[in-house]
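**Student:** One predicted model, sequence on top.
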Amino acid sequence: MSELNLNELQEETENLSLGQKLMMIFTDPARAFKSMKENPKILGIYLITAALIIITIVLNTYSPMAKEQMIQQLQSTGQVVTEQTINTLLIVSTIFGGIIGALIPFLIAFIYHIIVMFMSKTGYKKTLAVYLFAGIISQIGAILSGILTRITGTAFSFSPAMFIDQTTSPMMYSLLSIVNIFTIWSMIVLYIGFKETHEMKSKEASIVVGVPVVFLIIVTMVTSSLLF
């Protein structure tokens, strides 16, 4: 076997730990995803993802802004607002949101995999692994947004939407909310993940990542026009 073929074989079968993969998602995502070709492991990265989702939900639910909105909603329905009522609703919202949030990655990965199946015969497990690892980036962005929102007292976002008044330009606000630094970064990593793990061509990986984005933009425009 030639030295070149030996190096290619070693690269393809490289066994990286979960910690190494997490680091390489930020520094060398192609190498991280290549190590998942044969047997992607889900449990560790899923538990980390679920923990980050729960942290995000707690930050958003227990923010002063969320609490104020809850009080206004209760008052608008004529209900008596007490501290106990608010605390109970916050706990219920956090638990319910945590359960739904922990299940959403499976659904979104399934949607991606429907598109993947038109171009690759590889399994859903690889698609789920790619989505979970790429999603770490957007989850970190969501947590940072939640922390900065609590610090500044205003809704903070890593997108141009934070400079737009939602009440006067709801559709523009919704569309710009998609243009988030961490979301774009996550999508780039997602593209690399599909290309490496499913051994896709650049065009195929672009389609897998791009189709849901186009669908999201259309849904955002429709819902914004209907609600506002």
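**Tutor:** Thanks, I have it. Numbers count the residues shown, from 1 in each chain.

**Student:** For the helix ranked longest in the chain, the averaged confidence score.
**Tutor:** Ranked by number of residues, the top helix in the chain under DSSP state H is helix 83-116. On average, the pLDDT along helix 83-116 is 90.

**Student:** Next up, identify which helix or strand Met70 is on.
**Tutor:** Assigned by DSSP states H and E, Met70 falls within helix 64-76.

**Student:** Can you give the distance of that helix from its chain's centre?
**Tutor:** With CA atoms, centre = their mean, to the nearest Å as the basis, helix 64-76 stands 27 Å off its chain's centre.

**Student:** Likewise for stretch 30-41?
**Tutor:** 20 Å.

**Student:** who touches that stretch?
**Tutor:** 11-16, 18, 20-21, 24-25, 125-126, 128-130, 133, 192-193, 196-197, 199 (CB atoms under 8 Å, 6 or more residues apart in numbering). C-betas here are computed from N, CA, C, even on glycine.

**Student:** Now, those residues that are in helices?
**Tutor:** Counted as lying in helices by DSSP H, out of the contacts of stretch 30-41, are 11-12, 18, 20-21, 24-25, 125-126, 128-130, 133, 192-193, 196-197.

**Student:** nearest residue to the residue positioned nearest the centre of the chain other than its sequence neighbours?
**Tutor:** In the chain, the centroid-proximal residue (CA atoms, centre = their mean) is Gly135; its distance is 4.2 Å. Nearest non-adjacent residue to Gly135, counting by CB to CB, 6 or more residues apart in numbering: Thr49, 6.0 Å away.
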